[in-house]
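# build me a model from this:
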Amino acid sequence: MAEFDSSKQYQEQEETFFDDGREIELLHFVYSKSDVESIRGSPTKVLAAIDEYARTKKYLMNVGEDKGRIVADLIAEVKPQVMVELGGYIGYSCILFGDAVRKAGGQRYFSLERNPEFAAVIASLVDLAGLSDIVKVVVGSSDVSIKRLHSSGSLKHIDLMFLDHYKPAYTTDLKLCEELGMITAGTVMAADNVITPGNPPYLEYVRSTVQQKKNANKANGTVNGVDNRFADKTAKQYAKREGEAKLDETRTGNPLLVYESNLVNSFEPTGVPDGIEITRCTGVEAN
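Residues are numbered from 1 along each chain as shown. Prediction:
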């Protein structure tokens, strides 16, 4: 049985973003288990199988127990009818949160994943977990997928959104959802990795007052694209994993939306300190 050093794991995550096919290997590992039929239909057992692979074979960039509990508790509180995740990777968060949404009485969980191979892994594991009735996996860049789902009428409003994709796109995608009217009073966002590797532009935006957002739009005329506060290394790493993303730097969002935003301290599965920013839309300020 292979054992992994947490600091080495995180260094590997930061430096390589993996290109060894471990995601497809995970699928073979799970479906080759002798007790796969007893796993079928059980989200908990599918998650345990993924954890087993990550523990004994190769590290996976999953949400982890600590962050998973934070978001699952948030789902139980908010009881979203519609939840969206941006960045599905291999489906761990999708299975964990999709199951939580179903238990909370929700109707639909959209998992948006740019990488078609990862999306195929998600769909296969979601099917194994018995969640295909509530989870819809959408392949493509997040902004294009959001616009397509909205224009088709499949996604008009978001109750809860989990952001865990290309870090410079957090702000642009949130502003896109604002412009499309998907974010209203009561909508909640949970943004991962705002401390490690960090997301200063997103934190600045969701923590700003309406007046501060108005002033920023007037002064800059742009949104935070690949902001210079992102290390070049970070942007390139995510591009390597997810493909080059062309961010719309003309997007201004809806600065009249009022947010209350707070950091919940958490840890990466490797033990590295991180945080999830929980942002609640409390209303709209009169223009």
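# okay, strands next: where are they in the stretch 51-200 of the chain?
82-86, 108-113, 135-139, 160-163, 188-191 (DSSP state E, counting those that start in this stretch).
# so which of the ones you listed comes closest to Tyr205?
Closest to Tyr205 of these is strand 188-191 (C-beta to C-beta; 10.4 Å). For every residue, glycine as well, the C-beta is placed using N, CA and C.
# after the closest one, which helix or strand is next?
Using DSSP states H and E, the next helix or strand after strand 188-191 towards the C-terminus is helix 200-207.
# helices or strands next to that following helix in the packing?
For helix 200-207, the packing partners by 3 or more C-beta pairs under 8 Å, 6 or more residues apart in numbering; DSSP states H and E come out as helix 169-179, strand 188-191, strand 257-267, strand 273-284.
# quick check: angle from the helix or strand encompassing Asn217 to helix 200-207?
Assignment of secondary structure by DSSP H and E places Asn217 within helix 210-220. Angle between the axes of helix 210-220 and helix 200-207 is 140 degrees (criterion: axes from the mean of the first three to the mean of the last three C-alpha atoms, to 10 degrees).
# averaged pLDDT, helix 210-220. What do you get?
Taken as a whole, helix 210-220 has a mean pLDDT of 80.
# can you name the residues that contact the residue lying closest to Met182 once chain neighbours are set aside?
Spatial nearest neighbour of Met182, excluding adjacent residues (C-beta to C-beta, 6 or more residues apart in numbering): Ile158 at 4.7 Å. Applying C-beta atoms under 8 Å, 6 or more residues apart in numbering to Ile158 gives the contacts 82-84, 177, 182-183, 187.
# let's go with 6 Å and repeat that
Ile158 sits next to 84, 182, 187 when contact means C-beta atoms under 6 Å, 6 or more residues apart in numbering.
# quick one: closest of the helices and strands packed on helix 200-207 to Phe162.
So among those, strand 188-191 is nearest, using C-beta to C-beta, at 5.1 Å.
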